[in-house]
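Participant: quick one: sequence plus predicted model below, questions after.
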Amino acid sequence: MTAFPPILRRAFVDLTDGQVHVRRVAGSAGQVPLLCLHQSPASSLTYAEILPLFGRTAVAVDTPGFGESFRPAVRPDVPAYARWIGAVAAALGYPRIDVMGLFTGAAIASELAATRPDLVRRVVLAGPPLFDAAQRCGFVDNAWPVAPQPDGSHLQREWQRTMARPMPVPFARRCDAFNEYYRGGANAIWGELAVADYALADTLPRIAQPTLVLQPEGIHGDGAGALALLPNGRIRPIACLGYAMLQAVPDRVAAEVASFLDGDAA
């Protein structure tokens, strides 16, 4: 009998503050669901290729202010984003979850794990945004997307920056990603500003759960430094450039994540 991949479906989850958009594949009822959190500015589209490969129920969430989720009225910090993700898990009926985050999503996943050990079983941090002071200043100076301009000049600037990145992703897929950058409107930069303000180094030692650090090439942040701060961590390098790893080598990343989630916690 031919085995068909899980079907990726889209839905909206009702929270007190508004609706949150998710992409979801269904897996075995006996496994802990995996919630996946994207980088900024992006959306759950980041995980479209890899969600069916995890071998379990996996849900990619549009962080509030991005994708098709509601727009916050004021600029959130990382703890606020983490509370919303916890509320998404509750709305989906998940009393226990694993969580995976990419860059901005890794900061949110760290905060959620540290503050909700009752909810989070295991943690995957892909390219955790751990900066020293000089790196933080450079990150803030280059945070994106740039503010929208009435003449549309911001679109040309971001288009050139997107296409100039040496990532192994087809042109059509880059176009799809570019279209997500300004879904948050004039406040699409809020996610990166939240990361810049967040003291990840203070949070990582508080994560007691087993944690896997994935470190792709050429991404901001310090995977080895994050590992040194984690009480129960391990690290796997991914031979792929930056955020593109989820699209360029989804089989490799999914295998690493599934092996960790299904393996011994020690």
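Facilitator: Right, received. Where do you want to start?
Participant: all contacts plus neighbour counts: C-alpha atoms, from now on.
Facilitator: OK.
Participant: so G86 makes contact with L112?
Facilitator: Yes - counting by CA atoms under 8 Å, G86 touches L112, with 7.2 Å between them.
Participant: neighbour count winner among these two?
Facilitator: Comparing G86 with L112 by neighbour count (other CA atoms under 10 Å), the higher total belongs to L112, at 26 against 21.
Participant: how close does that one sit to A254?
Facilitator: Here the criterion is CA to CA, to the nearest Å. By it, L112 lies 22 Å from A254.
Participant: then D176?
Facilitator: 22 Å.
Participant: swap in D98?
Facilitator: Remark: distance between D98 and A254 (CA to CA) = 14 Å.
Participant: could you do P52 as well?
Facilitator: To A254, P52 is 9 Å away according to CA to CA.
Participant: likewise for S153?
Facilitator: 38 Å.
Participant: compare the two (neighbour count), which wins?
Facilitator: In this view S153 and A254 are compared by other CA under 10 Å, and A254 has more residues nearby, 18 against 12.
Participant: helices of the stretch 101-250 of the chain, start to end?
Facilitator: Here the stretch 101-250 of the chain has its helices, by DSSP state H, counting those that start in this stretch, at 104-115, 133-141, 153-164, 171-180, 190-197, 200-203, 223-229, 245-248, 250-262.
Participant: now the angle from the third one to helix 171-180?
Facilitator: I take that to be helix 153-164. 140 degrees (axes from the mean of the first three to the mean of the last three CA atoms, to 10 degrees).
Participant: helices and strands around helix 153-164, which ones?
Facilitator: Contact analysis of helix 153-164 by 3 or more CA pairs under 8 Å, 6 or more residues apart in numbering; DSSP states H and E lists helix 171-180 as its packing neighbours.
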